[in-house]
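Student: Structure for the following, please:
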Amino acid sequence: MKAAMKAKDKPRLTTIRLIRADFKRIEVDERIEIDDQRALAVMDKMVKQRRDSARQFSDAGRSDLADQENYEIGVIQEFLPTQLSAAEISSLIDAAIAATGASGMQGMGPVMGQLKPQLQGRADIGQVSQLVKQRLS
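Tutor: Modelled structure (predicted):
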């Protein structure tokens, strides 16, 4: 935050303040101290919200607002762990399916329950869910 202030990078500073405000809101509302796992979940949710907003802005022909949302996604992702490759995600899915013994769509819940903590902030859970559905069907 200080680096953004010194560089007078107003869009970046605004995004960092949004992240901090979301953390503070959760701490006050729930009377808890945010740990790393919860911080990843919050930032993951922020990225998902911005992707949805950017898609809606693009569909509506508002490329300026879509660009702003995409910039915010980039800033938020800087604070998330590096994204896993498709091969790494595939191997984690295979391991989760083997560990749970899932053999159909009824096994989707346990597989996703095992994968979600491992992938939080490191992959798009929605895309992982689609891959798991393909494997189990």
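
Student: Quick one: neighbours of I125, just the number.
Tutor: When neighbours are defined as other CB atoms under 10 Å, I125 has 16 of them. Backbone N, C-alpha and C define where each C-beta goes, glycine included.

Student: so it touches D44, yeah?
Tutor: Yes: if you go by CB atoms under 8 Å, I125 and D44 touch, sitting 7.4 Å apart.

Student: Overlap of the contact sets of these two?
Tutor: Listed contacts common to I125 and D44 are nil; contacts here mean CB atoms under 8 Å, 6 or more residues apart in numbering.

Student: Domain-wise, how is the chain divided?
Tutor: What automatic domain parsing lists as the domains of the chain is 2-78, 86-136.

Student: Export the ones you listed as a markdown table, with columns for mean pLDDT.
Tutor: Formatted as a markdown table, the domains of the chain follow (pLDDT from 0 to 100):
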| stretch | mean pLDDT |
| --- | --- |
| domain 2-78 | 93 |
| domain 86-136 | 89 |
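
Student: Tell me which residue lies nearest the centroid of this protein.
Tutor: D44 (2.5 Å; CA atoms, centre = their mean).

Student: With the flanking residues excluded, which residue is spatially nearest to that one?
Tutor: Among residues not flanking D44 along the chain, G121 sits closest, at 5.3 Å (CB to CB, 6 or more residues apart in numbering).

Student: Please report the distance of the one you found from E72.
Tutor: Using CB to CB, to the nearest Å, we find G121 at a distance of 16 Å from E72.

Student: Who has more neighbours out of the two?
Tutor: Using other CB under 10 Å, the more surrounded residue of G121 and E72 is E72, with 23 against 20.

Student: Can you list the buried residues in the helix or strand that contains the more buried one?
Tutor: Using DSSP states H and E, E72 maps to helix 63-78. Residues of helix 63-78 classed as buried: A66, Q68, E69, N70, Y71, E72, I73, V75, I76, Q77 (neighbour count, 16 or more other CB atoms under 10 Å).

Student: Hmm, V111 is touching A96, no?
Tutor: Yes: with contacts counted by CB under 8 Å, V111 reaches A96, the gap being 4.9 Å.

Student: related to what we said a few turns ago, contact partners for the residue nearest to D44?
Tutor: L40, A41, M43, D44, L80, P81.

Student: No further questions, thank you.
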